[in-house]
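Colleague: Build me a model from this:
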Amino acid sequence: MTLTTTQPALAPQAPPTRAARAAVLASATLTLMAAAIIAPGLPAMSEEFAEAPGGGLLVRFVLTITSLAIAVSAPVSGLIADRVGRRSLLVSGLVLYAASGTAGFFATDLYVLLATRALLGVAVGGIMTAVSATITDWFEGARRASFLGLQQAFASLGGVVFLPLGGVLAGADWRAPFWLYAVSGAVAVLAFVALREGPRGGGGTGPSAGETPLRRGPRSAAGRAASPACTCWRSSRRSRSTWGPPNCRS
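Modeller: Now for the predicted structure:
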C-alpha cells in the first residue's frame, strides 16, 4: 500500500461579461467627482443661504461632509459586502447615490442639504468598496492589477467629464449641477442586469497568460510522519487516490 498525495483543482470562476465590466467601470466614474461636482456653484449657494445662522461656514461643509462620510462608510461597506454580496451593495449604493445627489436640487434648508450630502458620501463609500471587491473576485495576479489600474483611469475620467459639465450648469443655476447625479440611476440599471452574484473571497478567473500556477512538491518523510491521521492510499494500481483529512492534502 503506497502513500500518495493529490491536490484537488478548484473550478475557475467564469470570466465577467463585457456588460458586467462596463457596469463596474461606469460605477467607478462616479466616485472621485462626487463631492466636487457642485463646487462651481458654491458662491451662489453662499448668497442663497447668507441669512441662515452660520451659513457661510456650513456652505463650506457641503463639500467636506461628503468626503468625511466616504471615509467613515467605506470600512463598514466592506463588512456589508461580505454579508449581502457585491452586486447588492453596488446596486444599492448607485440608487442611493442618485437619490441623495439629486435631492440637493430640491433642498431649501441648509441642514437638509448637508444631510443629503452625507448620504451621498455613504453611497460613494459603498460603490467604491463594491467595485474594488468585485474586481478582486474576478481576477488574480497581473489581470487583477491591470483591471484595477483601468478602474482608476475611469475614476479620473469621471472627473474630467463631469466637473466641466458642473461648471457649465452652475453658470445657469447653482442648483443645476445636482442633476448630474441622476446618471447613477442608469448605471444602477446596467449593474442590476449585467452583474451576477458569484462566490466571494478571491475566486478569480485563474492565472494570467504567461503565469505559471504554483504546485506543491512531494512531502518529506518527516512531514508524512507528522500527520498520522492521513488515510490517503492507493489500494491498487488501477484505482485513484481516496481523500482523507485535510492534513494529507499536499
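Colleague: Which positions in the host helix or strand of V161 come out as buried?
Modeller: Assigned by DSSP states H and E, V161 belongs to helix 141-172. Along helix 141-172, these residues count as buried under the neighbour rule (16 or more other C-beta atoms under 10 Å): 143-144, 147-148, 151, 154-155, 158-159, 162-163, 165-166, 169-170. C-beta: built from backbone N, CA, C; applies to glycine.
Colleague: now, which of these sits nearest T17?
Modeller: Closest to T17 out of the buried residues of helix 141-172 is F147 (13.8 Å), distances taken as C-beta to C-beta.
Colleague: so that closest one touches I135, yeah?
Modeller: Yes: between F147 and I135 there is a contact at 5.3 Å, judged by C-beta atoms under 8 Å.
Colleague: Provide a list of residues in contact with the closest residue in space to V59 that isn't next to it in sequence.
Modeller: Sequence neighbours aside, S46 is the residue nearest to V59 in space, at 4.9 Å (criterion: C-beta to C-beta, 6 or more residues apart in numbering). Going by C-beta atoms under 8 Å, 6 or more residues apart in numbering, S46 touches 55-56, 59.
Colleague: Which elements pack onto the helix or strand where A123 lies?
Modeller: Here A123 sits within helix 110-138, counting by DSSP H and E. Helix 110-138 is packed against helix 18-28, helix 55-84, helix 86-106, helix 141-172, with contacts defined by 3 or more C-beta pairs under 8 Å, 6 or more residues apart in numbering; DSSP states H and E.
Colleague: For it, give the mean pLDDT please.
Modeller: pLDDT averaged over helix 110-138 equals 96, rounded to a whole number.
Colleague: Tell me which residues of it come out buried.
Modeller: Of the residues in helix 110-138, 110, 113-114, 116-138 count as buried by neighbour count, 16+ other C-beta under 10 Å.
Colleague: With respect to A182, which of the helices and strands packed on helix 110-138 lies nearest?
Modeller: Going by C-beta to C-beta, the one of the helices and strands packed on helix 110-138 nearest A182 is helix 86-106, 5.3 Å.
Colleague: where does the chain dip in pLDDT?
Modeller: Scanning the chain for pLDDT under 70 picks out the ranges 1-13, 198-250.
Colleague: Distance from the host helix or strand of F192 to the middle of the chain?
Modeller: Assessed by DSSP H and E, F192 sits inside helix 183-194. Taking C-alpha atoms, centre = their mean, to the nearest Å, one finds helix 183-194 lying 14 Å from the centre of the chain it belongs to.
Colleague: Give me the angle between it and helix 18-28.
Modeller: 150 degrees (axes from the mean of the first three to the mean of the last three C-alpha atoms, to 10 degrees).
Colleague: okay, helix 183-194 in CSV with CA atoms only?
Modeller: Provided in CSV are the C-alpha atoms of helix 183-194 (Å, rounded to 0.1, in the frame of the first residue of the first chain):
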residue,chain,number,x,y,z
VAL,A,183,-26.6,59.4,-14.2
SER,A,184,-26.1,56.9,-11.4
GLY,A,185,-29.7,55.7,-12.0
ALA,A,186,-28.9,54.4,-15.4
VAL,A,187,-25.7,52.8,-14.1
ALA,A,188,-27.7,51.1,-11.4
VAL,A,189,-30.0,49.5,-14.0
LEU,A,190,-27.0,48.3,-16.0
ALA,A,191,-25.4,46.8,-12.9
PHE,A,192,-28.6,45.1,-11.9
VAL,A,193,-29.0,43.5,-15.3
ALA,A,194,-25.3,42.7,-16.1
